[in-house]
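Engineer: Kindly generate the corresponding structure for this input.
(one chain, ligands or ions: 4)
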Amino acid sequence: VKRNGKNGFQFYSSQFDEHVMEKIELEGALRKAVERNELLVHYQPQISIQNEQVIGVEALLRWIHPEKGLIPPGTFIPIAEETGMIGEIGAWVLREACRQMQQWQSRYGWNVPVSVNLSTQQFHQENLVGSIKGILEETGLKPEYLEIEITESMMMDAIRSSQILRELTELGIRISMDDFGTGYSSLSYLKMFPIQKLKIDRSFIKDITRNEDDRAIVATIIAMAHNLKMDVIAEGVETKEQLDFLMNNGCDDIQGYYFSKPLSSSDVESKYLTIMDE
Ligand code: C2E
Ligand code: CA
Ligand code: CA
Ligand code: CA
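Structural biologist: Ligands and ions are numbered 1, 2, ... in the order given. Okay, the predicted model is just below:
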């Protein structure tokens, strides 16, 4: 028993060390990732259900590690948050996304907005509004072509949050509530905060054709959003059946593999922009 216990502990301990090592390694590599140009932004189209046009794109961060290959944002963004690197990385994503959209507008006349995710820390950083304003000026992108995605959990400090959102809105930037329905905050913030769009989380869409509760929740979110004069977009739409349900319930837009995965800049260009080039 004793030996089992010890082995159990050693097993746990080495697993733990490995995990810590992995994290420290990633942290060091992440510090150099920006200067080594290992970060890039992919763009996932958002589609109007009514006319099947691309009405926007979401900027999604990618890290191509020289040895490990593609590291998903779910792995390294938490590390960037913990270590404070998210400030620099978040600003880089904003600048890159705004630069790219401005270039697509001027070269191809492609006038769609880009949505950029903010992390919790970034949202609460000093002078967020000033730094976004600076990036818009630097890249020449008009504020109405930038949308900021926030989550319910960032809104804990309601007074401060609504102040930040108001300042962003006054600049002409749009706000959308990401992962809607997965957070803990009360619905009253929808009334308090200037939010133009709800993004229904993928977890509600996933089983929508099989699960009656999910269908009820999604139909209710769509109706509520419209009653509050907000647009609503469904995330993670993968099938025709999901799309049909959303269409029948009046959802405005969709984003998901059914239409397109997130694409590299050059894939966006070859898929949507090259015909207009000549
Ligand atoms: P999110 O903001 O909810 O982004 C949507 C995620 O769902 C993306 O994963 C996207 O690739 C994925 N997705 C889209 N359509 C489908 C679908 O039909 N099926 C499935 N299974 N997945 C779909 P990704 O790119 O791995 O990003 C994961 C999360 O990392 C994002 O979730 C967001 O929270 C975070 N993230 C990504 N880029 C950034 C960034 O620049 N800044 C910050 N702070 N967070 C970011
Ligand atoms: Ca998002
Ligand atoms: Ca989301
Ligand atoms: Ca999510």
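
Engineer: C-alpha only now, for contacts and for neighbours.
Structural biologist: Fine.

Engineer: near ligand 3, which residues of the stretch 51-200 of the chain?
Structural biologist: Taking CA under 5 Å from the ion, the part of the stretch 51-200 of the chain that reaches ligand 3 is made up of Asp178, Asp179.

Engineer: Return the distance of stretch 214-223 from the chain's centre.
Structural biologist: Put simply, stretch 214-223 sits 22 Å off its chain's centre (CA atoms, centre = their mean, to the nearest Å).

Engineer: for stretch 128-148, that is, sorry about that
Structural biologist: So, by CA atoms, centre = their mean, the centroid of stretch 128-148 is 17 Å from its chain's centroid.

Engineer: so how far does it reach from one end to the other?
Structural biologist: Using CA to CA, to the nearest Å, the end-to-end distance of stretch 128-148 comes to 12 Å.

Engineer: what comes up buried for that stretch?
Structural biologist: By 16 or more other CA atoms under 10 Å, the buried positions in stretch 128-148 come out as 128-129, 132, 135-136, 139, 141-143, 145-148.

Engineer: Present those as CSV; the columns should include pLDDT and secondary structure.
Structural biologist: Listed next are the buried residues of stretch 128-148 as CSV, based on pLDDT from 0 to 100; DSSP: H, G, I helix; E, B strand; the rest coil:
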residue, pLDDT, secondary structure
Leu128, 96, helix
Val129, 97, helix
Ile132, 98, helix
Ile135, 98, helix
Leu136, 98, helix
Thr139, 98, helix
Leu141, 98, coil
Lys142, 98, coil
Pro143, 98, helix
Tyr145, 98, helix
Leu146, 98, strand
Glu147, 98, strand
Ile148, 98, strand
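
Engineer: from the residues you listed, which are also near ligand 1?
Structural biologist: Among the buried residues of stretch 128-148, no residue sits close to ligand 1 (CA under 6 Å from any ligand atom).
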